[in-house]
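Colleague: Based on what follows, work out the 3D shape:
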Amino acid sequence: LNGVDPQVSPAPRESDLLLACGEVISTVIFAQTLRARGYETIALTGGQAGIITDYEYTNARILEIQPAYLLQQLGTGRIVFVAGFQGATERGAITTLGRGGSDTSAVALAAALGADACEIYTDVPGVLTTDPRKVPDAQLMDTITCNEMLELASLGAAVLHPRAVEIARNYGVPLVVRSSWSDQPGTLLTSDATSRRGSGEGLELGKPVDGAELDTDQAVLALAHVPDRPGVAAQLFEALSAAGLNVDLIVQATHEGASNDIAFTLAAAESDRAQLVCREVLAGMGAALGDGGAQLSAEAGLAKLSISGAGIMGRPGVAAKLFDTLARAGINLRLIATSEVKVSCLVAGHQAAKALRAAAEAFELPEQHLRRNPEPCSHGNPAVRGVALDKEQAKVVISNVPDKPATAATIFKALADANINVD
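Modeller: As a prediction, this is how the structure comes out:
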């Protein structure tokens, strides 16, 4: 389209109409290939298969799937081929689903049809511990949870798009990733979500937050102006681990000079021992405390509030909504950490219960979806399931912001309003 006139950008609607053609052509060819071998087949566009989307051309989200016609064709014994990566608005305009749209189409159809499983065939044997193009001896994982896969996908693991994993998790669809070139079983993605398969409604518009938890009796230790060189963080956290101290949230910030700030949380009962370890580590690296050098501070009597759900970071407004909710309740945030499936923040201990209630009301969470002081994960689970590298990142530093309620809410709401995803 740019060849028609480079000065005139193509309309998104027409771009989608053109982009959808490739999948339609492939679907027809595939159906005809099997028909030539004696099978009864039919090829459908995404819209004909009942995939209804919103009007966000080039990056549409699935509102619902109306599978009546597809089920009718399956009932006649035909093999049905559906063009992925696309759907249609309620008025019939063709839309494309954006990056990862083919995976998303497949899992969404499996959810709506109540399928026993959805198999994704790709050019790798399954989900590997890291990118085999960069690490030749990457290992195949037999199983992985959807939450773990969401984390890896958000960090650049390209085998599955987070949108497809999110639907599988929310609707309890067993998802298998296998190689197109072998009969190996591949990797099974599992979910503990209550199955909602067969509904076909609100597939990508379900609640992004489905739980909240509160950990009380927390402490935060902050090391300021520690040397900015490789190995410093490793020395610190190896020493804490050797002392049997379990660290939770970790945040590191850089200065313009050759120093860093490192803050981390742990149980308040372990704060004194952790401070001793930190002092020993700083002394060992020649970072003298005080007099313009490194500084160590500790604060107990805190609580960690976390909200969790598939695809949190795929929706810029979720974190902003949490921060705004807490700000309106007069609750200040001491520390923030996020991932693809969780947003955590540290608050004053005496405001912990109030913070949990506010979050539950804001995200409409029933009592059974709230957890207080949950048990840590089983030691039988692997500490690390995989490693992913995302080289397309940028960092923005905002310095000297006021330490008062609503500061984080104001910043992240502005970013969310601009549809900017913060990682």
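
Colleague: Would you map the helices across the protein?
Modeller: Along the chain, counting by DSSP state H, helices occupy 12-19, 21-35, 68-75, 101-113, 146-154, 162-171, 232-242, 271-284, 317-328, 352-362, 407-417.

Colleague: So which elements touch the first one?
Modeller: Under the contact criterion of 3 or more Cβ pairs under 8 Å, 6 or more residues apart in numbering; DSSP states H and E, the helices and strands touching helix 12-19 comprise strand 94-96. Glycine gets a C-beta too; all of them are placed from N, C-alpha and C.

Colleague: re the thing from before, tell me which of the helices of the chain sits most buried.
Modeller: helix 162-171 (a mean of 28; mean count of other Cβ atoms under 10 Å).

Colleague: and the angle for that one with helix 101-113?
Modeller: Between helix 162-171 and helix 101-113, the angle formed by their directions is 10 degrees, by axes from the mean of the first three to the mean of the last three Cα atoms, to 10 degrees.

Colleague: ok now helix 162-171, how far from the chain's centre?
Modeller: Relative to the chain's own centre, helix 162-171 is displaced by 10 Å; criterion: Cα atoms, centre = their mean, to the nearest Å.

Colleague: could you give me the average pLDDT of that helix?
Modeller: Helix 162-171 carries an average pLDDT of 86.

Colleague: and of the helices of the chain, who's closest to residue 308?
Modeller: Across the helices of the chain, residue 308 has its closest neighbour in helix 146-154 (8.4 Å, Cβ to Cβ).

Colleague: Restricting to C-alpha, output the closest one in CSV.
Modeller: Extracted C-alpha coordinates of helix 146-154, given in CSV (Å, rounded to 0.1, in the frame of the first residue of the first chain):
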residue,chain,number,x,y,z
CYS,A,146,0.8,-20.9,32.5
ASN,A,147,2.0,-18.3,35.1
GLU,A,148,5.6,-19.3,34.6
MET,A,149,5.1,-19.2,30.8
LEU,A,150,3.6,-15.7,31.1
GLU,A,151,6.7,-14.5,32.9
LEU,A,152,9.0,-16.0,30.2
ALA,A,153,6.9,-14.7,27.4
SER,A,154,6.9,-11.2,28.8
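
Colleague: which of the helices of the chain has the lowest average pLDDT?
Modeller: For the helices of the chain, where the average pLDDT is lowest is helix 146-154, sitting at a mean of 79.

Colleague: For it, what is the distance to the chain centroid?
Modeller: What separates the centre of helix 146-154 from the centre of its chain is 6 Å, taken as Cα atoms, centre = their mean.

Colleague: Now do it against helix 162-171, angle only.
Modeller: 170 degrees.

Colleague: could you say what helices and strands helix 146-154 packs with?
Modeller: helix 162-171, strand 187-190.

Colleague: What score does the residue nearest the centre of the chain have for pLDDT?
Modeller: With distances taken as Cα atoms, centre = their mean, residue 340 lies nearest the centre of the chain, 2.5 Å away. Note on residue 340: pLDDT of 74.

Colleague: Repeat that for the one 4 residues further on.
Modeller: Residue 344 carries a pLDDT value of 94.

Colleague: With residue 402 instead?
Modeller: 87.

Colleague: mind checking how far it is from residue 373?
Modeller: 31 Å (Cβ to Cβ, to the nearest Å).

Colleague: for residue 392, same thing?
Modeller: 38 Å.

Colleague: Give me the more crowded residue out of these two.
Modeller: Applying other Cβ atoms under 10 Å to residue 392 and residue 373 shows that residue 373 carries more neighbours, namely 10 against 5.

Colleague: count of neighbours near residue 247?
Modeller: Neighbour number of residue 247 under other Cβ under 10 Å is 16.

Colleague: Repeat that for residue 7.
Modeller: 6.

Colleague: likewise residue 9?
Modeller: 10.

Colleague: quick one, phi/psi of it?
Modeller: phi -70, psi 140 (degrees, to the nearest 10).

Colleague: got it, and residue 244?
Modeller: Backbone torsions of residue 244, given as degrees, to the nearest 10, read phi 80, psi 20.

Colleague: again, but for the one 5 residues further on
Modeller: Backbone geometry at residue 249, expressed as degrees, to the nearest 10, gives phi -80, psi 140.
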